[in-house]
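Asks: Coordinates only, no sequence provided:
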């Protein structure tokens, strides 16, 4: 495996420097300037030089044609330079007075008269050393985050080099300012640049969002959720991230492309209304987008299967809109306009039904989609793994508040792969399962009386369709499904009681279930480890530190 | 418009016979006020009262987006009995006029001013010399406090007059956002008439400063100076001009200031000179100043002229010899009584047709103009009107009701301000216009209403 980093194409693009200069100029003038600077700061020259930075790859979390995520150790001591131009107030008395209350001002007559001097500052011999986290996806652009302070040293040469204390002052001030720039502004600048390069259609949306979010330099949670979900699992982590994100739920919606959301919502609504054929085309289209990554994860990084998870996160986004459009509006009128995942998952007790249903919707969709693509490549999966993946994915949102991370992190990533491969069968069994199994009706009868009448009736209408569709597809013989059914029922019966009783004894039950799951998972992990020890050693790495640091 | 408390403070200076202008700080005050007049922003209401001769209150309510306000109290140990504080009678020039005429240098012109005081029936206020001189000016104190409400910023001022030539001011600001929670500025003023020296110290940055002003020529010199001026007038007479028009009679002042911040190791200095015609000058009153900041290479020249009694003009040029940056600004002040074009009729005949009665009247008027900065305007106003126009209807004409101030600087920014009295309210309506951006020319707009009793 080899990487080819091209340093020169950036410099070859004539427009690149102009754009970069403009972005730097706006970034430098955004924060309030000290009174000594009396003019805007202009970036007049910017050259990245010919010496590329030394990159040491520490970890690559995700690799595909259209996305990349990795952690590098970067050392740079190249010949890049940057020239700033501004005007400074040379009269110390003037700057002294500018920040003072006029009432106690000594009111000098002319001693405070200004002398503005054009100042040119050249920053060169920049030495950087840092761990950087690079996240790239074709749709989201490039995100680059410094894990720690990258600036090692730099040389500041200015108009006032002959005056010792001015030079020292400038050196000090600029180092501080540059550190801030590197840590806060540069990620957003690079992100915008990359958006302009790769996905110009995103820029408008990006601008809107940046207007709404009141001038955060960069919201580290704006782009990463995709990635964070990659690293850890599905529902659990997206919930955690959206909890962390500054704007909460509504923001998390804008994390996903609007087009996809529309498609997914039409897909889910079609499932509700039992018209199955219309969105099928769109599904294919959507899958085609994520297609290569599916293959890639299947082959290259099997248990991590991050692209897969990314997809699941997008499902979640759409799924929860769907959930609230029907079940929540029916059941909980108090929360009609809160389509946030956070509210869903944090209010576990009150919304356990909603959560369950929401999750189910997500699963349902996943079934369909994966099914469409994966039909050819289905292999006989172990039933056990199938079950486990089912239960894990359903229970994740519920148990999120109490479940300790170390337990879940390993299983989910691990389990996701089998579920992806076997999903076909399970998914087909699912619609019928909703009918046959008493779980949902019983839940409904307990939690909500009135809407029950409607939804079951819809599902009853669903039956012919589903069965018909199944017969059409004929992907899986009924026999295998039936043989799997008892197992499914088994696991279901295990954790089913926890749903209705979640407000009272859910903790205990879930703990028990978690312990069981953990045992199960540990066993599977052990198996897997034996099979593929090298990978699991890798896997013990901590999740990408950027989010760790910012979030918690 | 001067704030009410500022007006009262000036009244205190007047009552204690402190020449506020005899300091280097006020060297170019005329041009500064003609050009850099503050333009109100937003809406501001002020309710003030000189409740007793010793005590004044002022409440201010403003709104620039957010509502803010201030409460201020003032106590003067000397009764300000002769101060007119009612906004329906308050002399507008004292409140609004920018052109500052020179004050008499108290110690030198002692006898003259005593005479004039006798003439004008304002004994306690302006008695620079005389028997009661020491009695009424020593040991008087002014206390002033102001609290800005939403910011909870507190201003305090103590002025203490120790003896006729020594005055100490202590001003303080307390606010949370300031370093150390506030600053204190101490100011020691020593005024000997011929020269005035000030020393100051501020807790902010440990700033120390000294500034002084020395007067010479004109009335500052001894009476021997008057023959030369008459000689000048005789020269001018040869040009065929009216004698009094051409006789330049004024006072030179020169001074300097030095500051040094002991904590931040920075400093500054400047030198300045001024020539201003004395009130006794019968020609057009003018003031010219030149200040130089040798450290920063800044040269600043101003020229202000009281072209007519109702019209003052000022220009200012700044040039920096190091950075070659220059600035200019012009300012204008136009007084009017009620009729829009009326002031043109009133003043022109007086200046052209009456050279003969002019000398005595000018003299009267000029001294009265000096009085304007103080307290006794209502009485002199009709008197000046009578004397100046030498006509019966003059009294009503000279009753100014408003003033229009305008300025223009090199960035083509125009400041417009109308101030005047309507009923018993004093209005101040101002706007800033930017000619460079004609799309949205009005940069600011403000209205200030003041009522006092």
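Replies: Sure, I can see it. Note that the structure is a prediction, hence the values are computed from the model and not measured.

Asks: Report the separation between the residue most central in space within chain B and residue B:65.
Replies: By Cα atoms, centre = their mean, chain B has its centre lying nearest to residue B:100, at 5.0 Å. Plainly put, residue B:100 is 35 Å away from residue B:65 if you go by Cβ to Cβ, to the nearest Å. From N, CA and C alone the C-beta is placed, and that goes for glycine too.

Asks: still on that earlier bit, surely the residue nearest to the centre of chain B forms part of a helix?
Replies: No: counting by DSSP: H, G, I helix; E, B strand; the rest coil, one finds residue B:100 to be coil, located in no helix.

Asks: Please name the nearest non-neighbouring residue to it.
Replies: Nearest residue to residue B:100, sequence neighbours excluded (Cβ to Cβ, 6 or more residues apart in numbering or on different chains): residue B:30, at 4.8 Å.

Asks: Also residue B:207?
Replies: Using Cβ to Cβ, 6+ apart and skipping residues adjacent in sequence, the residue nearest residue B:207 is residue B:261, 4.8 Å away.

Asks: Check whether the one you found really touches residue A:92, as I assumed.
Replies: Yes: checked against Cβ atoms under 8 Å, the pair residue B:261 and residue A:92 is within contact range at 7.5 Å.

Asks: Confirm residue B:9 sits in a helix?
Replies: Yes: Residue B:9 forms part of a helix when assessed by three-state DSSP.

Asks: Burial check on it, number of neighbours?
Replies: The number of residues packed near residue B:9 is 20, by other Cβ atoms under 10 Å in any protein chain shown.

Asks: Spit out the contact partners of it.
Replies: Residues in contact with residue B:9 (Cβ atoms under 8 Å, 6 or more residues apart in numbering or on different chains) are B:74, B:142, B:144, B:157, B:159.

Asks: which two in these are spaced the farthest apart?
Replies: B:74 and B:159 (10.3 Å; Cβ to Cβ).

Asks: Find residues that contact each of the two.
Replies: Common neighbours of residue B:74 and residue B:159 are listed as B:9, B:142, B:144 (criterion: Cβ under 8 Å, 6+ apart).

Asks: Tell me which helix or strand residue A:22 sits in.
Replies: Assigned by DSSP states H and E, residue A:22 belongs to helix A:14-28.

Asks: Same check on residue B:430?
Replies: If you go by DSSP H and E, residue B:430 is part of strand B:425-434.

Asks: That strand packs against which elements?
Replies: With contacts taken as 3 or more Cβ pairs under 8 Å, 6 or more residues apart in numbering or on different chains; DSSP states H and E, strand B:425-434 sits against strand B:413-422, strand B:442-452.

Asks: a markdown table please, covering the ones you listed and showing distance to residue B:302 and mean neighbour count.
Replies: Below are the helices and strands packed on strand B:425-434 laid out as a markdown table (distance: least, Cβ to Cβ, whole Å; neighbours: other Cβ atoms under 10 Å in any protein chain shown):
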| stretch | distance to residue B:302 | mean neighbour count |
| --- | --- | --- |
| strand B:413-422 | 17 | 18 |
| strand B:442-452 | 24 | 18 |
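
Asks: Adding distance to chain A and mean pLDDT, write those strands out as JSON lines.
Replies: Listed next are these as JSON lines, based on distance: least, Cβ to the nearest Cβ, whole Å; pLDDT from 0 to 100:
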{"stretch": "strand B:413-422", "distance to chain A": "17", "mean pLDDT": "90"}
{"stretch": "strand B:442-452", "distance to chain A": "18", "mean pLDDT": "89"}
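
Asks: From the contacts of residue B:9, pick the one nearest residue A:188.
Replies: Distances from residue A:188 to the contacts of residue B:9, taken by Cβ to Cβ, are shortest for residue B:157, at 48.2 Å.

Asks: and the nearest residue to residue B:285 once chain neighbours are set aside, what helix or strand is that in?
Replies: Sequence neighbours aside, residue B:306 is the residue nearest to residue B:285 in space, at 4.2 Å (criterion: Cβ to Cβ, 6+ apart). Counting by DSSP H and E, the element that carries residue B:306 is strand B:298-308.

Asks: who does that strand pair up with?
Replies: strand B:286-293 (antiparallel), strand B:311-320 (antiparallel) (DSSP bridges).

Asks: just those strands: most buried one?
Replies: Neighbour counts (mean count of other Cβ atoms under 10 Å in any protein chain shown) averaged over each of the strands paired with strand B:298-308 peak at strand B:286-293, with a mean of 22.

Asks: Give the rounded mean pLDDT of that strand.
Replies: Averaging pLDDT along strand B:286-293 yields 94.

Asks: same thing with stretch B:312-332?
Replies: On average, the pLDDT along stretch B:312-332 is 93.

Asks: follow-up on the earlier one: can you put the shared contacts of residue B:74 and residue B:159 in JSON lines and add distance to residue B:183 and pLDDT?
Replies: Output for the shared contacts of residue B:74 and residue B:159, formatted as JSON lines (distance: Cβ to Cβ, whole Å; pLDDT from 0 to 100):
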{"residue": "B:9", "distance to residue B:183": "20", "pLDDT": "91"}
{"residue": "B:142", "distance to residue B:183": "20", "pLDDT": "93"}
{"residue": "B:144", "distance to residue B:183": "16", "pLDDT": "95"}
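
Asks: follow-up on the earlier one: and the helix holding residue A:22, what's buried?
Replies: A:16-17, A:20-21, A:23-25, A:27-28 (16 or more other Cβ atoms under 10 Å in any protein chain shown).

Asks: would JSON lines of the residues you listed with distance to chain B be doable?
Replies: JSON lines is the format used below for these (distance: Cβ to the nearest Cβ, whole Å):
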{"residue": "A:16", "distance to chain B": "33"}
{"residue": "A:17", "distance to chain B": "30"}
{"residue": "A:20", "distance to chain B": "30"}
{"residue": "A:21", "distance to chain B": "26"}
{"residue": "A:23", "distance to chain B": "26"}
{"residue": "A:24", "distance to chain B": "26"}
{"residue": "A:25", "distance to chain B": "22"}
{"residue": "A:27", "distance to chain B": "26"}
{"residue": "A:28", "distance to chain B": "23"}
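
Asks: for chain B, what are the nearby residues on chain A?
Replies: A:90-93, A:96, A:100-101, A:103-117 (Cβ under 8 Å from any Cβ of the partner chain).

Asks: how about a cut-off of 6 Å?
Replies: A:91-93, A:100-101, A:103-104, A:106-111, A:113, A:115 (Cβ under 6 Å from any Cβ of the partner chain).

Asks: quick one: the strand or helix carrying residue A:186 to helix A:14-28, angle?
Replies: Assigned by DSSP H and E, residue A:186 belongs to helix A:186-198. Counting by axes from the mean of the first three to the mean of the last three Cα atoms, to 10 degrees, helix A:186-198 lies at 150 degrees to helix A:14-28.

Asks: and helix A:186-198, what does it pack onto?
Replies: When contacts are defined as 3 or more Cβ pairs under 6 Å, 6 or more residues apart in numbering or on different chains; DSSP states H and E, helix A:186-198 packs onto strand A:141-146, helix A:201-212.

Asks: What's the mean pLDDT across the longest one?
Replies: Same thing as helix A:201-212. 51.

Asks: need the helices for the stretch 251-400 of chain B, in chain order.
Replies: B:342-353, B:358-372, B:380-389, B:394-397 (DSSP state H, counting those that start in this stretch).

Asks: Please read the previous query as pertaining to the stretch 101-250 of chain A.
Replies: A:164-180, A:186-198, A:201-212, A:224-232, A:235-244, A:249-254.
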